[in-house]
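Enquirer: With the sequence up front, the predicted model follows.
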Amino acid sequence: MDRTQHWNQRYETSSTPWDSGLPSAELRRVIDEANIQPCRVLELGCGTGTNAILLAQCGFDVTAIDLSPLAIEKAQAKAIQASVDVTWICGDVCSIETPTEPFPLVFDRGCFHCIRRDVSVDEILQTLERVTASGSRYLVFTGNANEVRDHGPPGLFEEELRSDLGRLFEITQLRPFHFEDAGGKQGPLGWSCLATRR
């Protein structure tokens, strides 16, 4: 089974614990605290679009990509219901074309750690290099290896995240946080990382 089939099957069977249906409180916090103004933003691994829609509602010009056709279909329907415009792309993050203009902001809730595990860190960094320029910011939420779990997102230690992203970015903020699970329950421990492209 290839990666597209794998992720699409997860949505077909509703085996998507990461898809809480709740806009990320951590995303809201970082936007407010870092005073990130509305701009063009690319979301990597957008799933069913909850956070892409949040960003659009906050005034951002959003492009969002996911590998799963079913996830994109659900995201499109949710955007129509929310009366917001988002440019949806069904495709592989690792194969995304270089945009006409780089994105000032890239948001990633859980894509980095999956590509790092399933493909390679080089592939995701090459994508980030293609879609950003000096001064672009990358806001990424990953699993945190300091919490031992038998399920949940792939975990990284702080030094691994700093080493990986340090090849392209200057990390300006890194803190632990908890993902939200459905119903607003506390989810797995993660890292919230805001970095600026050199």
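Expert: Right, received. Where do you want to start?
Enquirer: C-alpha only now, for contacts and for neighbours.
Expert: Will do.
Enquirer: Helices of the protein, residue ranges please.
Expert: For the chain, helices defined by DSSP state H occupy the ranges 3-12, 25-33, 50-57, 69-82, 111-118, 121-131, 158-165.
Enquirer: how many other residues sit next to Lys185?
Expert: Residues contacting Lys185 under the criterion other Cα atoms under 10 Å number 11.
Enquirer: likewise the one 3 residues further on?
Expert: Applying the criterion other Cα under 10 Å, we find 21 residues in the vicinity of Pro188.
Enquirer: OK, contacts around it?
Expert: Counting by Cα atoms under 8 Å, 6 or more residues apart in numbering, Pro188 touches Gly143, Glu147, Gly152, Pro153, His178, Phe179, Glu180.
Enquirer: what about it, distance to Glu160?
Expert: Using Cα to Cα, to the nearest Å, we find Pro188 at a distance of 18 Å from Glu160.
Enquirer: ditto for Cys58
Expert: Distance of Cys58 to Glu160, given as Cα to Cα: 32 Å.
Enquirer: do Asn144 as well
Expert: Distance of Asn144 to Glu160, given as Cα to Cα: 10 Å.
Enquirer: Please say which of those two ends up with more neighbours.
Expert: A count of neighbours by other Cα under 10 Å puts Asn144 above the other of Asn144 and Glu160, at 24 against 12.
Enquirer: hang on, that one packs against Gly187?
Expert: No - counting by Cα atoms under 8 Å, Gly187 is not a contact partner of Asn144; they are 11.6 Å apart.
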